[in-house]
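Colleague: Here you go, sequence then predicted model.
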Amino acid sequence: MLFSVVLVFSFLNGSGIYCFLSSTWSENGDVITLTNQNFKSKAKEHDVLLVMFYVKWCSHCRRLHPDYERAATQLSKNTDYPIHIA
């Protein structure tokens with residue numbers, strides 16, 4: 001039986017937790033860009049999908065970007081059980 005696992009990283013602002021979908025990552029990389037239109041279909045396509053919700057103005061998100069790209073490349077190469085990153 002196939003199943004999808006979605007891990008969510010969100011960032012706390014003083015007035016609550018904000019999660020935004022954005023498309024600032026390169027389409028050429030291994031990170032899957034999610035939008036409101038394709039979120040459900042992409043989640044169904046992959047057995048395991050690690051998702052990071054972020055905002056463009058967040059310095060922590062911007063600093064994490066290169067590491068997230070590297071992780072996406074390495075994890076998607078695992079032929080036994082690939083983990084896709086969005």
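Modeller: Arrived safely. Numbering: from 1, shown residues only.
Colleague: What are the boundaries of the helices in this structure?
Modeller: 39-45, 59-76 (DSSP state H).
Colleague: Quick one: closest of those helices to Phe53.
Modeller: helix 59-76 (9.1 Å; CB to CB). In short, each C-beta sits where N, CA and C put it, glycine included.
Colleague: which helices and strands does that closest one pack with?
Modeller: strand 48-52, strand 84-85 (3 or more CB pairs under 8 Å, 6 or more residues apart in numbering; DSSP states H and E).
Colleague: what helices or strands is the last one leaning on?
Modeller: Meaning strand 84-85. Applying 3+ CB pairs under 8 Å, 6+ apart, one finds that strand 84-85 contacts strand 48-52, helix 59-76.
Colleague: In its sheet, which strands sit next to that strand, and in what direction?
Modeller: strand 48-52 (parallel) (DSSP bridges).
Colleague: send the alpha carbons of the partner strand over as CSV?
Modeller: The C-alpha atoms that make up strand 48-52 are tabulated as CSV, following Å, rounded to 0.1, in the frame of the first residue of the first chain:
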residue,chain,number,x,y,z
VAL,A,48,7.7,10.2,1.1
LEU,A,49,7.7,14.0,0.6
LEU,A,50,9.6,16.3,2.9
VAL,A,51,8.0,19.8,2.7
MET,A,52,9.4,23.1,4.0
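Colleague: thinking again about what came up before, mean pLDDT lowest where, among the helices and strands packed on strand 84-85?
Modeller: Among the helices and strands packed on strand 84-85, strand 48-52 carries the lowest mean pLDDT, a mean of 81.
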